[in-house]
Each structure stands twice: as C-alpha cells, then as structure tokens.
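Trainee: Here is the input, now give the coordinates:
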Amino acid sequence: NWEGDISQSILDAFEEEYGIAVRCIPYESQEEAIADIRAGEAYDVVVLENQLIPNLVEDGLIGEINYQNVPNFKNISPNFRDLAYDPHNLHAIPYSWGTTGLAVRTDMVGPPITRWADLWDARYKGKIIAWPLPRYMIGIALKAQGYSLNSEDPEEIKLATQWLLELKPSLQLREWEPAVSAPYLASGEAFIAMGQADDVTAGQKLTRSIEYVLPEEGGILWGDNFTIPANAPHKEAAEHFINFLLRPEISAQIVNETYYWLPNDAALPLVNPEIRNNPAIFPSSDVLKNAEVLLPLSTEGEALYKQAWHHFLATSG
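Mentor: Down below sits the predicted model:
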C-alpha cells in the first residue's frame, strides 16, 4: 500500500480480533508493486489504481474474490460497483478515490486560476510543481486542449507532448508522495501545484492562502482498489482483512486519518463533519461534471504514451 494510508492502530485491531498479524509493505510507486507481482513475489493484498488492474487480470496475476468472506462489500456505494475496469467486481474492491486538480497560492497568482490551460501562463515560470507521472502529465496537456484524458489518438498525443515541452521550463518535478507540495506552496517557492485534497489540507495548516481548484476542462478522477494476487499465500485471511477494513467505523477512521474519500456509504455518517463538508475532499457533482476517470490503455496506447513521455524527459527545457 501507499505509505501511511492505513494506521498501525487499525492493523493492531485486526490482529487482536483475528489473531493474524499484518505486515504492511509500503511502495514508492505502483509500478514497483506491479514489478514485484510479475516477478512472483507473494503478497496477500495489494492496493492498485483502477487503470492498472485489467492487464494484471488478463495475465492471470490477480485472483477472484470470494464474497462469502467479504459481506461488508454491501457498504460500497452502488456508483463504484461493476465499473469498466473490473466488471462485477470479480477481482477488485474499491478502497479510496479522489480528484487531482490544482493547489493554488491565491495571494501569489494574477487572475484566478480556473483552468489547466492557465499553467502555460509565462508569469508562473519555475513556480509550478508537477509529478513525473506520465498518465497524469500527458492527461493534463490533453485536457488543456479539450481532448479526453484517455485519448489514444496519435495526433492528439503528439500535440499534448508539444504542449508539455512548452510547459517544461515552468515545472518543478517532484516525486509524488502525500502532501508533497504543501511546504513549497507555504514558503512561496511554488505558486501552483498538481495536487489532491491532502496537499491543500496540509498546506492550509501552514497558510490559509491555499485553495483547491478543479479545472473547468475537468479534473482527473483516480481510484485505489484492494486486490488479492493469484499467488497470495493467505487468500481467505486476506478476504477477512478487506472485510474488516470495510466496516463503517474502520473506513471512517481511515477517512478521518488520511482525508481520502472512501466509497463506503455506511461510513459517511461517522466521518468528521469538517472533513465531510470540505469540498476539496467531497466535491459536489456540478464541480465533477467534466471530470474523467483514468482508464486502462490498449497495448498500442501504452506504447504511444511511453514514447511521448520518453521524448518529454529526453528534451531539454
């Protein structure tokens, strides 16, 4: 899982009730986790983003879930069931989800930042934090031009790459980690950052001048899922562990500690009101109307994005 996404107190509570110890191994990227799975490393539960699941399922590396051991799946919101990347939830159970938009120092920018395209304003040269994540970066350039986040059109991806190269001098590339941009925004080293809710909530503890913007062209919707690898040595225990995490009080504790939205309807009343009423964490439906979910790419699409990202990294800017 990501570092710090589930507190030790929750793992200890599971061990006390079931007599099963849980060792949580953090990864720095999900590509690292996928490489381990493909190398045959044995894990019982792996948290994976939506778009990464179909290829692993197709290759027989993610097992099917026995829902007799996960009755708390009933708490998952109907809007998050039976989605395109895993029909009938055979292989994945939604864990958390959220949006990627822009964290902005409103006192340090000119006209209000409202669009992805505003990043190309020359006034912000060197003052923008971005994550070196190909799908997100290329996706932002696609959205800024009015294209789909998941486009596989070679011409659209070519144009997006050109736009990214124009933007490159404005960027400070920082490896993704929770709230990575907060100190840079608070110090004024950056004015704008690719961000999620935790970047804003952490930053606002340092200065109240940080706001979260979901761009008008549409934010990026991400989702993490619980999966059980096909070679999991303790599959039934893994299912009981996931079921434990889907208890309303446990899911609410995770939200209250991480500020990530869990699609657990039964947990919502137990979430702290200041979190539940925070639009950066729980955005309204009208703000999400142009948002898109990151979807899996075809083999050809993967190759296009890989080539585009290599060109971006290799070109000085």
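Trainee: contacts and neighbour counts: CA atoms only from here.
Mentor: OK.
Trainee: biggest strand in the protein, by residue count?
Mentor: strand 92-105 (DSSP state E).
Trainee: now for that strand, which elements pack on it?
Mentor: The contact analysis (3 or more Cα pairs under 8 Å, 6 or more residues apart in numbering; DSSP states H and E) places strand 92-105 against helix 182-187, strand 192-195, helix 197-204, strand 210-213, strand 220-227.
Trainee: How far does whichever helix or strand comes after that strand sit from its chain's centre?
Mentor: Using DSSP states H and E, the helix or strand that follows strand 92-105 towards the C-terminus is strand 128-130. Chain-centre distance of strand 128-130: 17 Å, with Cα atoms, centre = their mean, to the nearest Å.
Trainee: just stretch 209-216 next, same as before
Mentor: Averaging C-alpha positions (Cα atoms, centre = their mean) puts stretch 209-216 17 Å from its chain's average.
Trainee: Also stretch 304-317?
Mentor: Distance, stretch centre to chain centre, for stretch 304-317: 22 Å (Cα atoms, centre = their mean).
Trainee: Stretch 90-100 now?
Mentor: With Cα atoms, centre = their mean as the basis, stretch 90-100 stands 9 Å off its chain's centre.
Trainee: could you dump the longest strand of the chain to CSV, C-alpha only?
Mentor: In CSV, the C-alpha atoms belonging to strand 92-105 read as follows (Å, rounded to 0.1, in the frame of the first residue of the first chain):
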residue,chain,number,x,y,z
ALA,A,92,-11.1,-5.7,-7.1
ILE,A,93,-12.9,-3.9,-4.3
PRO,A,94,-12.9,-0.1,-4.3
TYR,A,95,-10.8,1.3,-1.5
SER,A,96,-10.4,5.1,-1.9
TRP,A,97,-10.9,7.6,-4.5
GLY,A,98,-10.4,11.3,-5.1
THR,A,99,-9.6,14.0,-7.6
THR,A,100,-6.4,15.5,-9.0
GLY,A,101,-6.6,19.2,-9.6
LEU,A,102,-4.5,22.3,-8.7
ALA,A,103,-3.4,23.6,-5.3
VAL,A,104,-3.0,27.3,-5.7
ARG,A,105,-1.5,30.1,-3.6
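Trainee: Mind listing what's buried along it?
Mentor: Under the neighbour-count criterion of 16 or more other Cα atoms under 10 Å, strand 92-105 has 92-105 buried.
Trainee: Of the residues you listed, which is the nearest to A141?
Mentor: Comparing those against A141 with Cα to Cα places G101 closest, at 12.8 Å.
Trainee: Name the residues linked to that closest one by a beta bridge.
Mentor: Beta bridges link G101 to G195 when assigned by DSSP bridges.
Trainee: distance of S316 from E152?
Mentor: S316 sits 25 Å away from E152, going by Cα to Cα, to the nearest Å.
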